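I need the structure of the sequence given here:
(one chain, ligands or ions: 1)
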Amino acid sequence: MLKSSLFCAVSSAGLEEFILFEAVQSRTKSENATEGWETELEVETVAEATFQQGANGEHEYSGSDQFFEQLNGTLQSLFDSSAVAASPLMAFILLGLAAILAVCILVHPLKAWWLNYNMKSAVDPDSKLNHLPIPPGSFGLPFIGETLAWITQGPKFNSNRRKKYGNVFTTNAISLPIVKVSGHEYVKEILTGEHDKVTTIWPYTVRTILGSHGIVNSIGDIHKYKRKVAFKAFTRAALNDYVPIMRNHATRIVRQMQESDQPLVYPNMLRLTFDVAVNALLGLEISDQVELDMLFKTFHQLVSNVFCLPYNVPGFGFNKGMKARNQLLDLLQIHIEAKKLKKLREESNLDNNNTKSDADNEFELGDLEIKEIAIELMFAGYYTSASALTSAILELARHPDVFSKLENELLQHGILREDSSDEEHMPELNLQNIHKLTYLDQVLKETLRIRPPVLGAYRRAKKTFQIGDYRIPKGWTVIYNIRDTHELEFEHMTEFDPEHFAPDANDKKFRFIPFGGGPRVCIGQEYARIIMKVSLIEMIRCNSSWKLANKTLPKMVAIPTLHPKDGLPVHLQPRKTVGVVTSRSEPVATDSS
Ligand code: HEM
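Residues are numbered from 1 along each chain as shown. As a prediction, this is how the structure comes out:
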């Protein structure tokens, strides 16, 4: 019964896809659990049966067999003709046909083997949950799984599969069985299950380039301790100190942008968030522009090669990323020795302020830990913030009504004034008056909802556990989807409307998760919100409007964080006096897709 349902599923799925899990599911629902996929042995037997039936050519494969017989006959007659055999073109055709034939013969056994291979990994002899089905989905093609579809389809990969299988589905990429999870109830399970059901697992290249001594690659108590240390850089007092630093850099970058006819937003926002992070978070005051530029280049080399093929061979991304890592470690060591890496250095010494608990005494942060945390904060911090800022600038250009409302809010709170583009008469900015800007907050939340810089994150199942009606097998990779969760939880995903976050809007937990949640929630989220707010205020204070230089929306690239492929060229309209809202009746860019 079990064998036939699986076999039917495999054979009827055709060459494109196995939709086996639906068959497994319906079988599991209708049959006694003890007849299910309980032991490895049973899985092997099923696979063997599948192979045997394929080899014996029973009715499920009969269509293919007829085709093979016909092909065989055709080839035979071709070989019999000596005139044809002599032709190089015909030899080429024959070789092609032979190759197709080989693929046709191998495809079914290969697929059956692949299915067996994946299903074997789903069995956990220590679990009592083996009676539950694994989430529906497809393991794709042998070895590569659904990697190609994932790469080529972009967001459609998830949305198509969600439509077909639901909000928890199985896939396979580069030979790893993966469960993708969207929607607040499932995402909550994953995020709050950290340390118990799941643990973080970044791709090998990320783990190696960032190192194992930072926060993101630590687990358990040491993870909590390192977060505690790093969190000292994000206290309210620390954030308040950063505001003037953020503002100075934002004004400088916006003024630089104004000097260009068609500045590119994204590279400028990257530079802005980078300079602030070096200055504020690392506490480095690098006055030598050449040194700062070199640091920027090296970080860029590190971040842009963090997600790559795992070959540490010259010319490959991984090798470039490792070189950048080593250069940064050397450079940061110089600053540590000169005691310039103030913040993290001081704060790793928690006994300074007697907040060190007994548990903390077990851990000491050495130079390597401090350097890796520094690299990690930079890695996690400046690309993400630049991505969100770029998206906000893009959306404000497309929505003049939102721009005007924001401008009014700044006017009402005295942050925009008659002489507001004059640096000498800038009204003071601090955490207190920034927090009063509720509409600005709504605009940024809506930006993070519609264009989350990070689309999702990885976990590994520490044990077999249940999610909804399904079982997630121990050792499998789980990805919680941020963008898809936003799409599910908010109507009109693609419509930019800050009213989604109006003060009276329903605030269901885990619906809006641009910063993740649970024990691994983004440590820099408050910092990110402040830098985005300060920078946007400066953009509006210095410019009465901006327009997108291109008529169509840019193509977006997801790695390392979401950003426009063309860098987002804009035309800025520098502000002379407040209230002069320049014509915004020009056509607004429309979606190119
Ligand atoms: C708009 C800006 C940002 C976004 C959208 C963002 C997003 C995220 C997300 C989704 C996670 C959770 C990843 C997971 O579940 O594994 C995360 C973690 C993290 N973020 Fe952010 N982030 C932003 C800015 C920052 C900044 C500015 C910093 C530091 C300067 C930072 C440092 C970190 C760190 C260290 C973690 C790892 C936390 C852990 O593993 O315990 N992020 N961030």
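
now the residue of the stretch 451-593 of the chain found nearest the ligand: closest residue in space that isn't a chain neighbour?
Among all residues of the stretch 451-593 of the chain, G524 sits closest to the ligand, at 2.2 Å; criterion: CB to the nearest ligand atom. Heads up, the C-betas are built off the backbone N, CA and C, glycines and all. Using CB to CB, 6 or more residues apart in numbering and skipping residues adjacent in sequence, the residue nearest G524 is G381, 5.2 Å away.

kindly report the same for N240.
Sequence neighbours aside, L431 is the residue nearest to N240 in space, at 4.9 Å (criterion: CB to CB, 6+ apart).

state which helix of the chain is the longest.
helix 88-121 (DSSP state H).

just checking, what packs against that helix?
helix 2-12, helix 40-56, helix 62-80 (3 or more CB pairs under 8 Å, 6 or more residues apart in numbering; DSSP states H and E).

what about it, average pLDDT?
Averaging pLDDT along helix 88-121 yields 86.

which positions in the stretch 151-300 of the chain make contact with the ligand?
T200, I215, V216, R227, L281 (CB under 6 Å from any ligand atom).

Provide the contact partners of stretch 458-474 at residue level.
121-124, 126-127, 129-130, 132-135, 168, 177, 179, 181, 185-186, 189-190, 193-194, 196-203, 475-480 (CB atoms under 8 Å, 6 or more residues apart in numbering).

could you give the average pLDDT over it?
96.

which bits of the stretch 351-500 of the chain sit near the ligand?
E376, L377, A380, G381, T384, S385, A388, P453, V454, A457.

ok, the fourth one - contacts?
Spelled out, it's G381. Counting by CB under 8 Å, 6+ apart, G381 touches T273, A277, L281, G524, Y527, A528.

swap the cut-off to 10 Å and go again
Listed by CB atoms under 10 Å, 6 or more residues apart in numbering, the contact partners of G381 are T273, F274, V276, A277, L281, C522, I523, G524, Y527, A528, I531.

and it, how far is that from R161?
32 Å (CB to CB, to the nearest Å).

next, the residue in the stretch 301-450 of the chain positioned nearest to the ligand: secondary structure please.
Here the residue of the stretch 301-450 of the chain nearest the ligand is G381; by CB to the nearest ligand atom that distance is 2.8 Å. At G381 the chain is in helix, as set by DSSP: H, G, I helix; E, B strand; the rest coil.

what's the spacing between it and Y527?
7 Å.

kindly check the end-to-end length of stretch 430-445 for me.
End-to-end distance for stretch 430-445: 20 Å, by CA to CA, to the nearest Å.

show me what counts as buried in that stretch.
L431, I434, L437, Y439, L440, D441, Q442, V443, L444, K445 (16 or more other CB atoms under 10 Å).

what's the answer for stretch 91-101, then?
Neighbour-count burial for stretch 91-101 flags L94 (criterion: 16+ other CB under 10 Å).

and it, C-alpha only, in PDB?
Extracted C-alpha coordinates of stretch 91-101, given in PDB (Å, rounded to 0.1, in the frame of the first residue of the first chain):
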ATOM      1  CA  ALA A  91      27.800  10.500 -36.400                       C
ATOM      2  CA  PHE A  92      27.200  13.600 -34.500                       C
ATOM      3  CA  ILE A  93      23.400  13.100 -34.500                       C
ATOM      4  CA  LEU A  94      23.900   9.500 -33.400                       C
ATOM      5  CA  LEU A  95      26.100  10.600 -30.500                       C
ATOM      6  CA  GLY A  96      23.400  13.100 -29.500                       C
ATOM      7  CA  LEU A  97      20.700  10.500 -29.700                       C
ATOM      8  CA  ALA A  98      22.900   8.100 -27.700                       C
ATOM      9  CA  ALA A  99      23.300  10.800 -25.000                       C
ATOM     10  CA  ILE A 100      19.600  11.400 -24.900                       C
ATOM     11  CA  LEU A 101      19.000   7.700 -24.700                       C
END
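
residues contacting N160?
Applying CB under 10 Å, 6+ apart to N160 gives the contacts A149, Q153.

figure out the helix or strand that it lives in.
Remark: N160 resides in helix 155-165, with elements defined by DSSP states H and E.

buried sites along that helix?
Neighbour-count burial for helix 155-165, counted by 16+ other CB under 10 Å, picks out P155, F157, N158, S159, R161, R162, Y165.

what's the first helix or strand after it?
strand 168-173.

mind giving me the packing neighbours of that next one?
Strand 168-173 sits against helix 20-30, helix 88-121, helix 147-153, helix 155-165, strand 176-181, strand 470-472, strand 477-481, with contacts defined as 3 or more CB pairs under 10 Å, 6 or more residues apart in numbering; DSSP states H and E.

what's the burial count for the residue nearest to V521 when sequence neighbours are not counted?
Of all residues not flanking V521 in the chain, F515 sits nearest, at 5.8 Å (CB to CB, 6+ apart). For F515, the neighbour count with other CB atoms under 10 Å is 20.

if I pick F515, what's in contact with it?
Residues in contact with F515, defined by CB under 10 Å, 6+ apart, are 384, 448, 452-454, 482, 521-526, 528-529.

H435 contacts D441, doesn't it?
Yes. H435 lies in contact with D441 (CB atoms under 10 Å); the separation is 8.1 Å.

what touches both of the two?
Looking at what touches both H435 and D441 (by CB under 10 Å, 6+ apart), the common residues are R529, K533.

phi and psi next, for A238.
Dihedral pair for A238: phi -60, psi -40, per degrees, to the nearest 10.

how close does it sit to L281?
A238 is 9 Å from L281, by CB to CB.

ok, the two, which is more surrounded?
Remark: of A238 and L281, L281 carries more neighbours, 23 against 17, as counted by other CB under 10 Å.

can you give me every residue that contacts the more buried one?
230, 233-234, 238, 242, 245, 343-344, 374, 377-378, 381-382, 524, 527.

again, only this time at 8 Å
Contacts for L281 were tallied using CB under 8 Å, 6+ apart; they are A233, Y242, K343, L377, M378, G381, Y527.

cool, and I209?
Here I209 is in contact with L302, N305, V306, F318, G321, M322, A324, R325 (CB under 8 Å, 6+ apart).

do I have it right that T447 meets E395?
Yes. Under the criterion of CB atoms under 8 Å, T447 makes contact with E395 at 5.7 Å.

looking at those two, which is more packed in?
A direct count of neighbours by other CB under 10 Å for T447 and E395 places T447 higher, at 26 against 19.

now the phi/psi pair for that one, please.
The phi/psi pair for T447 (degrees, to the nearest 10) is phi -60, psi -40.

does the nearest residue to it once chain neighbours are set aside sit in a helix or strand, and which one?
Spatial nearest neighbour of T447, chain neighbours left out: A392 (4.4 Å); criterion: CB to CB, 6+ apart. If you go by DSSP H and E, A392 is part of helix 367-398.

how much distance is there from that helix to the middle of the chain?
Distance of helix 367-398 from the chain centroid (CA atoms, centre = their mean, to the nearest Å) equals 13 Å.

just stretch 504-517 next, same as before
How far stretch 504-517 lies from its chain's middle: 18 Å, per CA atoms, centre = their mean.

what is the mean pLDDT for it?
87.

what about that stretch and the ligand, touching?
Yes. Counting by CB under 6 Å from any ligand atom, the ligand is contacted by stretch 504-517 at P514, F515, G516.

these two touch, right, the first one and E446?
No. P514 is beyond contact range of E446, at 10.7 Å (criterion: CB under 8 Å).

gap between the spatially closest residue to V278 that is not a sequence neighbour and H335?
With CB to CB, 6+ apart as the criterion, V278 has its nearest non-adjacent residue at 5.2 Å, and that residue is L284. Between L284 and H335 the computed distance is 6 Å (CB to CB).
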